[in-house]
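In: I would like the atomic coordinates for the input below:
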Amino acid sequence: MQQYRMIILAAAATLLFPFSSQAQDSVLHLNFQNVVDAAIADGQLDGTVKFYLRGQKTRAIKKTFPEAVSNKKTNAFNKTDEEACAWTLRSVLISFQENAKKNGANAVVDLVSYYKKNEYKSSTQFECHAGAMMSGVAMKGKAAIVQ
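Out: Below is the predicted model of the structure:
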């Protein structure tokens, strides 16, 4: 009898909460520099490390360091997809800034979106995956010393 009761409760929960099976997963391509500029203005990034997407012109590169990957997710509850994605990119950029400083670098170059190890290359945009509950941004790039 207890076993049947559990099955009925599980079935009822599935019917009452169908949103979990209809989770949104939108792929957005958003302006990278707007988020960088806002993060510097807010003080989340200190501006000492410059960020260059692959394909962007950089100053002369003196040295690069091994490629690094940052994969961050954030709660998307009560945020627009764009807000959640910008917040998530900020977290990615903070981790790249910390890695660059640890290596004595002043830039991160060749940045590409790298969600689930799939590259999205753009010289102006980053890729974000926005769901009903979470948004995710993954990027890879190299810390560098530029002149």
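
In: only C-alpha atoms from now on, for both contacts and neighbour counts.
Out: OK.

In: so what touches the helix ranked longest in the chain?
Out: The helix that spans the most residues within the chain, counting by DSSP state H, is helix 81-102. Contact partners of helix 81-102, identified using Cα atoms under 8 Å, 6 or more residues apart in numbering, comprise 30, 35-36, 39, 44-45, 49, 68, 70-76, 106-108, 128-130, 134-139, 143-144.

In: what of stretch 106-115?
Out: So stretch 106-115 is in contact with 48-55, 58, 71, 96-97, 100, 119-122, 126-128, 136-146, going by Cα under 8 Å, 6+ apart.

In: what about 6 Å?
Out: Residues outside stretch 106-115 that contact it (Cα atoms under 6 Å, 6 or more residues apart in numbering) are 49-54, 119-121, 126-127, 138-145.

In: any of those residues buried? List them.
Out: Buried by 16 or more other Cα atoms under 10 Å: 49-54, 120-121, 126-127, 138-145, out of the contacts of stretch 106-115.

In: now the helix or strand hosting Phe65 against helix 81-102, angle please.
Out: Per DSSP states H and E, Phe65 falls inside strand 61-75. With axes from the mean of the first three to the mean of the last three Cα atoms, to 10 degrees applied, the angle from strand 61-75 to helix 81-102 works out at 140 degrees.

In: for strand 61-75, packing partners?
Out: In terms of contacts (3 or more Cα pairs under 6 Å, 6 or more residues apart in numbering; DSSP states H and E), strand 61-75 is packed against strand 134-146.

In: alpha carbons of the strand it packs on, as PDB, please.
Out: C-alpha atoms of strand 134-146 as PDB (Å, rounded to 0.1, in the frame of the first residue of the first chain):
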ATOM      1  CA  MET A 134      20.300  29.300 -14.600                       C
ATOM      2  CA  SER A 135      22.400  31.000 -17.100                       C
ATOM      3  CA  GLY A 136      25.900  29.800 -18.200                       C
ATOM      4  CA  VAL A 137      28.900  31.300 -19.900                       C
ATOM      5  CA  ALA A 138      32.100  29.500 -20.600                       C
ATOM      6  CA  MET A 139      35.100  31.000 -22.300                       C
ATOM      7  CA  LYS A 140      38.700  30.200 -23.000                       C
ATOM      8  CA  GLY A 141      41.600  32.500 -23.600                       C
ATOM      9  CA  LYS A 142      45.300  33.100 -22.700                       C
ATOM     10  CA  ALA A 143      46.700  35.500 -20.200                       C
ATOM     11  CA  ALA A 144      49.300  37.700 -22.000                       C
ATOM     12  CA  ILE A 145      51.700  40.500 -21.500                       C
ATOM     13  CA  VAL A 146      51.100  43.200 -24.100                       C
END
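
In: lovely, talk soon.
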